[in-house]
Every structure is written in structure tokens, then in C-alpha cells.
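[1] Need a 3D model of the sequence below.
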Amino acid sequence: VDVKAPNSGKIINWEEFIKKGVDISDEQVEKRMKSIDANDTSSLIYTSGTTGNPKGVELTHNNFKVELDSVGHVLKFDQGDRYVSWLPLAHVFGQLVDNHYWVRRALHMSIVDSPLNTIDYAKEVQPHLFISVPRIYEKVYSNLKAAIKTKPILKIGLKIPVLSSVFKNKLREAAGFGSNRFSISGAAPINPEILEFFHFLGIPIYEGYGMTENTAGISINYPGNNRIGSVGKCMPYFDLKISHDGEVLIKGGNVMKGYYKNSDSTEKTIIDEWLYTGDVGKIDSDGFLFITGRKKEIYVSSGINTDSIYIIPNAISEFDFDKCDKNFDLLSIDIDGFDYQIFEGLRMFKPKIVIIEYNPTIPNDVNYIQPYNTKSRHGSSPKSLIELGVSKGYSPVALTDTNIFLLDSNIFNNSNLNILELNEER
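    All right, here's what the predicted structure looks like:
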């Protein structure tokens with residue numbers, strides 16, 4: 001499909017790009033390649049969030065090399081194995097796999113045209129490797145559970161040893177996981193019940209953990225080393241530890257070069273070669289890492305009384321709204337569309353300002369219905385989140401690449417704001 005390029009001097013089409021290399025000799029290309037130093041910046045990825053300005057993460061060629069070397073000990077794939085690509089290349093995991101790993105292992109990569117079509121592609125391609133955020137697995141889980149519930153032959157057959165393997169195989173193929181050998185879930189917590197169900201069907205989904213600042217992965221579950229509820233053990237060549245106040249610290253050759261032109265933030269984040277993640281966790285006696293919450297930081301603009309800030313210290317899933325008797329004027333929800341919590345926050349606190357960080361891979365103009373919690377049926381796309389806010393009496397005042405801003409018109413009558421931040425970002 002031909003797509004009309006925006007009118008910009010910074011964008012050229014493929015034919016123009018190819019023409020620029022016509023007069024370039026192989027010797028020039030090799031010379032340029034040899035001039036690259038391992039510590040040169042390979043990629044610049046900007047983080048996003050409601051608590052401050054985006055920071056550009058500088059990842060070097062060596063960062064990617066070391067990360068790929070480590071990943072190679074966990075992911076065992078070879079030439080011709082199939083992989084479905086749908087993560088945006090603005091995402092560090094998308095860059096790691098789509099720009100590097102598939103080339104190193106000579107995988108056959110199929111690129112999805114829209115996140116909403118990911119499962120349709122998987123059904124056609126039947127990938128050996130699949131990587132996703134929990135939302136996609138939740139959708140597959142709901143569809144499979146509905147099929148089992150409405151078809152007695154499946155419900156009964158899955159309980160009979162002789163027939164069980166046959167029905168499991170049919171369900172795996174129907175979901176797009178008939179050939180799957182390894183699937184990864186990351187970027188947000190996944191319900192353990194979903195993992196247990198997939199493993200029951202023979203779909204090997206493993207939860208991992210990492211961040212842009214450490215070139216994607218630092219820990220992961222894998223065959224022979226899997227503990228559902230954890231985010232796995234530390235990957236080869238890296239170190240993990242928990243600080244005195246519970247913060248997860250990372251050390252290794254995959255840790256970023258620093259934040260682009262932001263030495264202050266770099267010095268606060270990397271101390272004595274340890275990357276301070278901002279996440280709170282614990283490591284059990286067998287070396288499995290559990291993420292239990294996030295240390296809070298909040299960006300407060302001028303004119304706001306900082307004495308009235310209240311920040312939840314633990315994961316949102318552990319917070320009891322009914323036990324909170326304070327009224328808050330600004331509700332900042334940095335939790336990637338966890339709709340039930342958004343609904344409860346609006347119902348209980350009735351804030352004057354609402355900032356919601358949403359998943360930028362979900363198209364803006366669709367009603368994408370995929371609830372995080374069974375108590376809610378609100379969608380996770382910007383459109384449906386805005387509709388939720390409007391239904392509660394808010395006006396949408398801004399929509400950025402990752403955030404929705406909702407406003408109560410009475411906000412201008414009160415300059416002293418109480419702030420509540422709900423954050424379960426990983």
C-alpha cells in the first residue's frame with residue numbers, strides 16, 4: 001500500500017534513499033563501518049511519563065551487543081524460525097528484536113500493519129517466537145476461555161487425558177500459537193492466572209523485566225527456571241541487587257551511556273556503575289526477582305502547594321480506594337490504561353485534573369475494548385478513555401503521544417492542589 005509521505009524536508013521515499021547510495025563504493029561503506037567505536041551511540045530512545053520531561057536514553061553499540069549475547073543464552077532460535085513483529089521501533093524491545101536479534105539469528109520476520117491485527121497475523125504465520133505486552137495475551141485468554149465455556153466438548157475433552165492433548169493442540173493453533181516455542185510478556189504485570197492457563201495449554205509464555213535504560217531485558221523466566229508471579233532470574237553477564245530501601249539496582253554492559261545532554265539526571269540514575277531503576281522489589285532465595293511497587297517521583301509545576309502532595313508508596317493493585325478518605329484535585333495515572341483503577345479514581349476522588357498515560361500502540365480513533373479488570377468494560381484506546389472522562393463530567397483539553405489531559409472548569413478557582421499519583425509502570 002502506498003502511503004503519502006508528509007511534506008517535510010526530513011523525510012524521503014525509498015527510491016530517493018536508494019539513489020543516494022548509487023555512487024557510494026563498498027570501500028567507503030567498509031571504512032565507515034570500521035570507524036564505529038563500540039561505545040558510540042547506536043540509538044537514542046526517549047522515555048515518556050507524567051512525572052517529568054522525557055529523557056533521551058543513549059544506547060551504545062556495545063549495549064546492544066552485550067544484551068544480544070545475553071539474550072542468546074535464553075532464546076534458542078535459528079535460521080528460518082518465524083517471528084511476528086508488532087512492537088513500535090520507538091520501544092527498546094522492538095529495536096532489540098526487530099533491528100538486531102532477528103538479523104543475528106536469520107529469523108523470518110512478519111511485520112504487522114496494525115496492533116489490532118496482531119493475533120490475526122499470528123494465526124496465519126504461527127510464529128515460533130512471539131513478544132507482547134499483557135494486553136494481547138489478555139485478549140487471547142478471553143477468547144479461549146469463551147470458546148471453552150460455550151463448547152461442552154472442549155470443556156470435557158480437556159479433562160480427559162487421551163483427548164486433552166488433541167484439544168490443546170487445536171486451541172493453540174486457533175490462537176496463533178500452534179508452533180510457538182517461546183513467548184515473552186513484559187512492560188507491565190500480567191495476571192498469573194493467564195500464565196497458568198497458557199502453560200496448561202502448552203503455550204510457553206514467560207514474564208520478564210527490564211527498561212529502556214538497560215537495553216530492554218535484565219531478568220526473565222525460561223524453561224527449567226520459571227516461577228509464575230516473578231519476572232525471572234538475572235540474565236547472563238549482568239548483576240541485580242536490592243538496595244537498603246528496596247529499590248531494584250542493575251549493573252552490566254547493557255546499562256545506558258547516559259541521558260542525552262542531561263548529566264544531572266544521569267548522575268542521579270547511575271551511581272557507582274549501578275542503575276537505579278525506581279522500581280521496588282525483592283529477590284527470593286532461588287534468585288527470582290519480584291517487582292512489588294515503584295518509588296515515587298513527581299514533577300510539580302509552579303503554583304502548586306507541595307505540602308498537599310500525597311503519593312501511594314506501593315503498587316496500584318495493592319491500593320484500597322475505599323480506605324482513602326482524602327479528596328485530591330489532580331489524579332495522575334501512569335499505568336498504561338488500567339481501566340478499573342481509572343474508573344475508581346474518578347469515582348472516589350473526583351479530581352479537577354486528570355492525566356492518563358495510555359498505550360501509544362493502540363490507535364487513537366478506535367474503541368479498543370480490552371479491560372484490565374473484570375469489574376470494568378471501558379476501553380483502553382485514547383478515544384474510549386476520553387469518553388470515560390467525558391461521562392464523568394470532564395473536558396479533554398490535550399492529547400499528546402502518550403498522555404490524555406482532562407480538566408474540570410472549576411480548576412482555575414483553586415491554586416492549592418492535592419496530588420495523587422498512581423503508578424505501576426515497569
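[2] Show me which helix runs longest in the protein.
    helix 134-150 (DSSP state H).
[3] Name the next helix or strand following that one along the chain.
    helix 152-157 (DSSP states H and E).
[4] other SSEs contacting that following helix?
    Packing partners of helix 152-157 (3 or more C-beta pairs under 8 Å, 6 or more residues apart in numbering; DSSP states H and E): helix 134-150, helix 161-175. Every C-beta, even on glycine, is put in place using the N, C-alpha and C of the backbone.
[5] Show me how far it is from its chain's centre.
    Offset of helix 152-157 from its chain centre (C-alpha atoms, centre = their mean, to the nearest Å): 35 Å.
[6] pLDDT of it, averaged?
    What helix 152-157 shows for mean pLDDT is 90.
[7] cool, stretch 351-371 as well?
    Here the average pLDDT along stretch 351-371 is 60.
[8] Can you check which strand is longest in the chain?
    strand 274-283 (DSSP state E).
[9] For that strand, give me every contacting residue.
    By C-beta atoms under 8 Å, 6 or more residues apart in numbering, the residues outside strand 274-283 that reach it are 211, 213-214, 240-243, 246-251, 255-256, 268-270, 289-295, 297, 314, 426.
[10] Could you find the closest non-adjacent residue to the residue nearest the centre of the chain?
    The structure's the chain has its C-alpha centroid closest to A187; by C-alpha atoms, centre = their mean the separation is 2.8 Å. Of all residues not flanking A187 in the chain, V133 sits nearest, at 4.6 Å (C-beta to C-beta, 6 or more residues apart in numbering).
[11] quick one: buried residues of the longest helix of the chain?
    Going by neighbour count (16 or more other C-beta atoms under 10 Å), the buried part of helix 134-150 is P134, R135, I136, Y137, E138, K139, V140, Y141, L144, I148.
[12] What of stretch 57-68?
    Applying 16+ other C-beta under 10 Å to stretch 57-68 flags V57, E58, L59, T60, N62, N63, F64, K65, V66, E67, L68 as buried.
[13] Now the fifth one: closest residue in space, sequence neighbours ignored.
    Read it as N62. Using C-beta to C-beta, 6+ apart, the nearest residue to N62 is A38, at 4.0 Å.
[14] Quick one: low-confidence residue ranges for the stretch 151-300 of the chain.
    Residues of the stretch 151-300 of the chain meeting the criterion pLDDT under 70: 296-300.
[15] quick one on the thing from earlier: mind checking how far the residue nearest to A187 is from T118?
    Distance check for V133 against T118: by C-beta to C-beta, to the nearest Å, it reads 10 Å.
[16] Starting from the one helix or strand K383 maps to, tell me the next helix or strand along the chain.
    Assigned by DSSP H and E, K383 falls within helix 382-391. Where DSSP H and E defines the elements, the next helix or strand beyond helix 382-391 is strand 395-399.
[17] Give me the angle between that following strand and helix 382-391.
    Here the directions of strand 395-399 and helix 382-391 differ by 150 degrees (axes from the mean of the first three to the mean of the last three C-alpha atoms, to 10 degrees).
[18] Nearest to L44, out of the helices and strands packed on helix 152-157?
    Among the helices and strands packed on helix 152-157, helix 134-150 comes nearest to L44, with 26.7 Å by C-beta to C-beta.
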